[in-house]
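Student: Mind folding the following:
(one chain, ligands or ions: 1)
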Amino acid sequence: MGDLRFDGRVVVVTGAGAGLGRAYALLFGSRGAKVVVNDLGGGRHGDGKSSSAADAVVEEIKRNGGTAVADYNSVVDGEKVIKTALDNFGRVDVLINNAGILRDKSFARISDQDWDLVHAVHLKGSFKTTQAAFPIFKKQGYGRIIMTSSNSGLYGNFGQANYSAAKMGLVGLASTIAIEGAKNNIHCNVIVPTAASRLTEDILPPDLYAELKPELIAPVVAYLCHESCTENGSIIESAAGWAGKCQIIRSNGSLLRTKITDGVSVENVRDKWQKVTSMSNAEHLDSIQEATGALMTSLDSLRSGEVKDEEVDVYNFTQKDIILYALGVGASLKNPNELKFIYENDEDFSALPTFYIMPAMQAMFTSSKLESAIPGKTVSLAQILHGEQYIEFLGEVPKEGKLFSKNSIVEVLDKGSGAAIVQNIETFDEQGNLLIRNQTVAFVVGAGNFGGSRTGTKAIPCQSKPPRVPDLSLTDKTTIDQAALYRLSGDTNPLHIDPNMAVVAGFKQPILHGLCTLGFSIRLLVRAYAGGDPSFVKACKARFMKPVIPGQTLRVDFWREGSRIHFETSVVETNTVVIGGAYVDLNSVKVMEPINNSVSAPALESDAVFQFIIDQVKADPNKAKSIGGVFLYKITKNGKEAKQWTMDLKNAKVYEGAPEGKPSTTLTIADEDFMLLAQGKLQPQAAFMKGKLKITGNIMLAQKLAPILKANAKL
Ligand SMILES: CCCCCCC[C@@H](O)CC(=O)SCCNC(=O)CCNC(=O)[C@H](O)C(C)(C)COP(=O)(O)OP(=O)(O)OC[C@H]1O[C@@H](n2cnc3c(N)ncnc32)[C@H](O)[C@@H]1OP(=O)(O)O
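Tutor: Coordinates of the predicted model:
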C-alpha cells in the first residue's frame, strides 16, 4: 500500500500557529495539501492578537517545499477563514476545527464573560467555519471535518465547567453533521487529544507533558481526513502515540411498570434501580432510531401484556467465557480429553454443563428481588451462602451469543438458623425457546425465625446416595487461587476473595464458591460417565453442605444407578462432605463405549464389572497407558468360558472379543459372580479382594493393575 497523500486537497486548520494545529498543518503540508494556517495569534486566554504565529508556520511549510497561506481571522468569523482558502486556492476539502482558549475557573466563580468567550471560540467558532464550508463540501460531494473535543468534556474536569460544556457540545454538533453529511461523502469526526500545547503546558506533570508530542496525534487526524478513511461520526481519543475510539453506552435498563395501564411510582424506580444502573449488559446504540426502537419494543411488550413481574436479564457470552469458566473449575491440559473445554479450535469445543448456571447467577445478581424476599428483613450479600443448585437442559445450548433469563422467587422457608430462598430461573434463546431451567436455594444465615414455614413444596429434592461403597472415586486438587480465577466468570461476591468480607460473613478466610466445587465435581463426572461429552448431562442437583477453602483437595464419590449418577464431594484433608444429596441424570451412559471410537462399541450397558474396569481406564488413561499391556477379560459359565472382552490399556481401548495375538494377562470371573456384580449385589472391588476376580498370565501387568483396583476398593 502506498503513502497516504493529500495532493490537490485544500486543508484549513484553525488555531494552527502552535501546538496541535501547527503539527496538523505541517503534516498536511508535507503530504501535498495546500494549507490555510489560521491563527489569530492570541494568548491562551483569548487575549491579544498577532500575525507572527501563523506566519512562522507558513514559512516552515514553504521551507519544506509545501504550499500554505496564513489567515488571521477569528474563527467566530468562520466565513472569512474559508474565504481565505477559496481566494488563494479556489477550493476547500478538509476543515480542522482546532482553535481554542481556556478561561478556567471553579464553577462558582465563572462569569458570564468566561462562559461566553469559551463558547464563542470552541462551539460557535467551529459552527461558523463549518457553516461556511459545508455548502461547498456538499456541492463537490466531498469533505472532511474534524471537531476537537476533550476528556474534560467527556468526563468533566474541576475548574473547566465552561470548557467542558463547549467540548461536549462539539460532540453533539459532530454527531449531527456526520448524519446530515453522509450522503454527500462529508465525514465529521471528533478528536479527543491530550497533547503538550499552550493550553496544557503548566497543567500536566512534566514527565507526561514531555511524551505528549502533538506530532504523535497529527497522523491520527490526517488519517481521519484522508479520502480512503470511511470513519464518520466517531470520537477518537489519541495521545502519546496511542489512539482509541470512545462510545457512549447504555445499560440494558428495566421496565418500571408491568402493565401499560400502570403509572410509575417513586418506589417502583427505587426497586428497579439496581437493574436500571447495572452496566453488565450495557450496549452502544448506533443511532437515535435504535434508541427509540428499543423503547418501542418495551412499549410493545407492555401492551401485549408479556411483561410479568419477571425481568429479563441478557447474558452475553463468547467462547472466551466458556474457556475462562472451565479453567475456573479446574479443567486442565493435564487431562488431554479436557482440551475441548479450554481450546476454541478443538473440533469438539464445548462448555461444561455447569457453565449454563452462569446466566441464572447473573439474572439473580442483577435483580433486587432477593434483597426484600424475607418479610421485615433486608437481605445483604454478606449473609448469603449458596445452599442448593439444580440445572436441567431442555434444548441444545449455544456456545456463544445471548441467553435471556427470567428469575422469580418461588418460596421463602424459615429454617431457624437461616432463611432458605428458592428461586427459579428460566433461560431462553433469542427465538424464545426455553433451553435451561435452574433453581437456586440461597441460604441466608441468621435470617430465620421470621415466623415462616419450615417446609415447602417448590425446592427440587436432593436424593440420598445408595447404601454401598462408591463405585468409583476421583480426586482433584483446587488451587489457592481457585476462587480468584473462578470469580472472573461473574460471581464477584467478595466473600470468596476479600479476607475482611470473609470475617464479616463469619469465616476465618475466604471460601470457595459453591458452584466452583460443583463445577469440579461435574467435570470429573462427565469424564467418568459421559465419555467427556457434556451433552450427555440432562439434569443435576446438589446441596452445599460445608464450605471449601481454596487449595483443598476434593474427592468425588460416584454411584451409578442406571442413567442416574449419585455423587458426593468431600474435602480430603478434613474428610468432610461438602456436597451431598447430589445426582446427575444422563441422557445415556457412555461409560461402556470404547474410549477410542475407532473400535465399535460392544453392548455392555448392564455389565457392572466392565463398567468398573473401564472407569479405571477412563478416569486415568495416562495411568492405564503407563501400565501398558493388552489383556483379556473372560466370563466363565459352569466353569466354561462364556464371554470375552479385550482391554488394551496401552491404547486405552476396550472392545468385544479376544485380542489379536496373545493377551499378556487374563482376568477371569465366574458367571454367577458376574451376575451378582451386574445386579450390584457384589461390588467389583470386593470381588477382587475376595479373589473372585482372578488375574492370570503376566503377573507384572497384574501387579501393576492390582493397586488401581485395590486403591479404589479402599475408598
Ligand atoms: C443471588 C444469588 C443467590 C445465590 C448466591 C450465591 C453466592 C455465592 O457467591 C455464595 C457461595 O458460593 S457460598 C459457598 C458455598 N456454600 C457453602 O459453603 C454453604 C455450605 N453449607 C453450610 O455451611 C450449611 O449447610 C448452612 C450454613 C447453609 C446451614 O447450616 P446450619 O445452619 O447448621 O443448618 P442445619 O442445622 O444443618 O439445617 C437447618 C435447616 O436448613 C436446611 N439446610 C441446611 N443446609 C442447607 C443448604 N445448604 N441448603 C438449603 N437448606 C439447607 C436443613 O435441611 C434444615 O432444614 P430442615 O430441618 O427443614 O431439614
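Student: which parts of the stretch 401-550 of the chain sit against the ligand?
Tutor: Contact residues, the stretch 401-550 of the chain versus the ligand (CB under 6 Å from any ligand atom): 415, 417-418, 420, 440-443, 445, 454-455, 491, 493, 495, 511, 513-514, 543-547. In this view, the C-beta of every residue, glycine as well, is placed from N, C-alpha and C.
Student: And the residue in the stretch 451-600 of the chain that the ligand sits nearest to, its phi and psi?
Tutor: Residue of the stretch 451-600 of the chain nearest the ligand, by CB to the nearest ligand atom: residue 514 (2.8 Å). Main-chain dihedrals, residue 514, degrees, to the nearest 10: phi -60, psi -40.
Student: how many neighbours does it have?
Tutor: Look at residue 514: counted by other CB atoms under 10 Å, it has 25 neighbours.
Student: now swap in residue 208 and tell me
Tutor: The burial count for residue 208: 13, using other CB under 10 Å.
Student: For whichever helix or strand it is part of, could you pull out the residues that count as buried?
Tutor: Assessed by DSSP states H and E, residue 208 sits inside helix 206-211. Under the neighbour-count criterion of 16 or more other CB atoms under 10 Å, helix 206-211 has residue 209 buried.
Student: Following the chain onward from that helix, which element is next?
Tutor: Next in sequence after helix 206-211, counting helices and strands by DSSP H and E, comes helix 218-224.
Student: The helix or strand that that following helix is followed by pairs with which strands, and in what direction?
Tutor: Following helix 218-224 in sequence order, the next helix or strand is strand 235-239 (DSSP H and E). According to DSSP bridges, strand 235-239 has the following sheet partners: strand 186-193 (parallel), strand 242-246 (antiparallel).
Student: would you put the C-alpha positions of stretch 175-191 in PDB?
Tutor: The C-alpha coordinates for stretch 175-191 follow below in PDB (Å, rounded to 0.1, in the frame of the first residue of the first chain):
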ATOM      1  CA  SER A 175     -22.800  13.600  15.500                       C
ATOM      2  CA  THR A 176     -25.500  15.500  13.600                       C
ATOM      3  CA  ILE A 177     -23.200  16.900  10.900                       C
ATOM      4  CA  ALA A 178     -22.000  13.300  10.400                       C
ATOM      5  CA  ILE A 179     -25.600  12.200   9.800                       C
ATOM      6  CA  GLU A 180     -26.500  15.100   7.500                       C
ATOM      7  CA  GLY A 181     -23.300  15.000   5.500                       C
ATOM      8  CA  ALA A 182     -23.000  11.200   5.000                       C
ATOM      9  CA  LYS A 183     -25.000  11.100   1.700                       C
ATOM     10  CA  ASN A 184     -22.600  13.700   0.200                       C
ATOM     11  CA  ASN A 185     -19.500  12.000   1.300                       C
ATOM     12  CA  ILE A 186     -18.900  14.500   4.100                       C
ATOM     13  CA  HIS A 187     -17.400  12.900   7.100                       C
ATOM     14  CA  CYS A 188     -17.300  14.600  10.500                       C
ATOM     15  CA  ASN A 189     -15.300  13.000  13.400                       C
ATOM     16  CA  VAL A 190     -14.200  14.200  16.800                       C
ATOM     17  CA  ILE A 191     -10.600  14.100  18.000                       C
END
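Student: Could you list the buried residues of that stretch?
Tutor: Across stretch 175-191, burial judged by 16+ other CB under 10 Å covers 175, 177-178, 181, 186-191.
Student: Same question for stretch 431-443.
Tutor: For stretch 431-443, the neighbour count (16+ other CB under 10 Å) marks 435-443 as buried.
Student: Residues of the chain that sit close to the ligand?
Tutor: Residues of the chain found near the ligand (CB under 6 Å from any ligand atom) are 364-365, 370, 384-388, 415, 417-418, 420, 440-443, 445, 454-455, 491, 493, 495, 511, 513-514, 543-547.
Student: Helices - which of those land there?
Tutor: Using DSSP state H, the subset of these located in helices is 364-365, 514.
Student: Could you find the lowest-pLDDT member of those residues?
Tutor: Lowest in pLDDT among those is residue 365, which has 90.
Student: Assess the claim that that one and residue 442 are in contact.
Tutor: No. Assessed by CB atoms under 8 Å, residue 365 is found out of contact with residue 442, at 11.0 Å.
Student: partner residues bridging the residue lying closest to the residue of the stretch 451-600 of the chain closest to the ligand once chain neighbours are set aside?
Tutor: Nearest non-adjacent residue to residue 514, counting by CB to CB, 6 or more residues apart in numbering: residue 386, 3.6 Å away. Beta-bridge partners of residue 386, counted by DSSP bridges, are residue 442.
Student: likewise residue 187?
Tutor: Under the criterion used here (DSSP bridges), residue 187 is bridged to residue 144.
Student: List the contacts of it.
Tutor: When contacts are counted by CB atoms under 8 Å, 6 or more residues apart in numbering, residue 187 touches 143-145, 178, 181, 224, 229-233.
Student: Of the residues you listed, keep whichever come out buried.
Tutor: Buried among the contacts of residue 187 (16+ other CB under 10 Å): 143-145, 178, 181, 224, 231-233.
Student: List just the nearest of those to the ligand.
Tutor: Nearest to the ligand among the buried ones among the contacts of residue 187: residue 233, at 39.9 Å, using CB to the nearest ligand atom.
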